[in-house]
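Q: Sequence below, structure please.
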Amino acid sequence: RYQVTMAAASPEADATSLSELGLPSWLDSMLQPGVGNGVFITLKASLVGLILTLLTMCYYIEDPDIAFHLYMFTGMAFVLLIVVMWFIHELRSLKPERGEKGEATDKKKD
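A: Have a look, this model is predicted:
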């Protein structure tokens, strides 16, 4: 018979094993808990890839019915990319304000 043992995984062991992999920083931040820069970079890169794919399809497909839908999908993907970039910009601009407000409330308690 085979005996299977499960070792308790500690966060320190997981962090050490991830750092030993030699991953790029954006991918390493994606594998960490929470939402880091890696998630935003991957999201933007995938949307740019989608737009480039749709533009290539628009160039090669000549059927007017299909081309219409491709133009609409390309426009929607472009608008989504702009909205995502705006949201990320707003999210990053709010982070310093939260830190300042948190520090201000801590000073009032003292």
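Q: what about residue 54, neighbour count?
A: 20 (other CB atoms under 10 Å). In short, each C-beta sits where N, CA and C put it, glycine included.
Q: With adjacent residues omitted, what lies nearest to it?
A: Nearest-residue entry for residue 54: residue 74, 4.2 Å, with adjacent residues in sequence omitted and distances by CB to CB, 6 or more residues apart in numbering.
Q: That neighbour in helix, strand or coil?
A: helix (DSSP: H, G, I helix; E, B strand; the rest coil).
Q: Now do it, the pLDDT please.
A: In this prediction, residue 74 carries a pLDDT score of 96.
Q: so what's it up against?
A: Contacts for residue 74 (CB atoms under 8 Å, 6 or more residues apart in numbering) come out as 51, 54, 55, 58.
Q: residues of the helix or strand harbouring the third one that come out buried?
A: Looking back up the chat, that one is residue 55. Taking DSSP states H and E as the criterion, residue 55 maps to helix 37-60. By 16 or more other CB atoms under 10 Å, the buried positions in helix 37-60 come out as 38, 40, 41, 43, 47, 50, 51, 54, 58.
Q: Same list (those residues) but as a markdown table, adding pLDDT.
A: Shown next, in a markdown table, are the buried residues of helix 37-60 (pLDDT from 0 to 100):
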| residue | pLDDT |
| --- | --- |
| 38 | 76 |
| 40 | 83 |
| 41 | 84 |
| 43 | 88 |
| 47 | 95 |
| 50 | 96 |
| 51 | 96 |
| 54 | 95 |
| 58 | 93 |
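Q: Looking at those residues, which one is closest to residue 90?
A: residue 40 (12.3 Å; CB to CB).
Q: now residue 78, nearest residue through space, not along the chain?
A: residue 51 (5.9 Å).
Q: Would you mind measuring from the one you found to residue 86?
A: In this view, residue 51 and residue 86 are 16 Å apart by CB to CB, to the nearest Å.
Q: Work out for me the element residue 23 sits within.
A: Residue-wise, residue 23 maps onto no helix or strand under DSSP H and E.
Q: Would you confirm that residue 47 contacts residue 81?
A: Yes. Residue 47 lies in contact with residue 81 (CB atoms under 8 Å); the separation is 4.4 Å.
Q: If anything else comes up later, I'll come back, but that's it for now.
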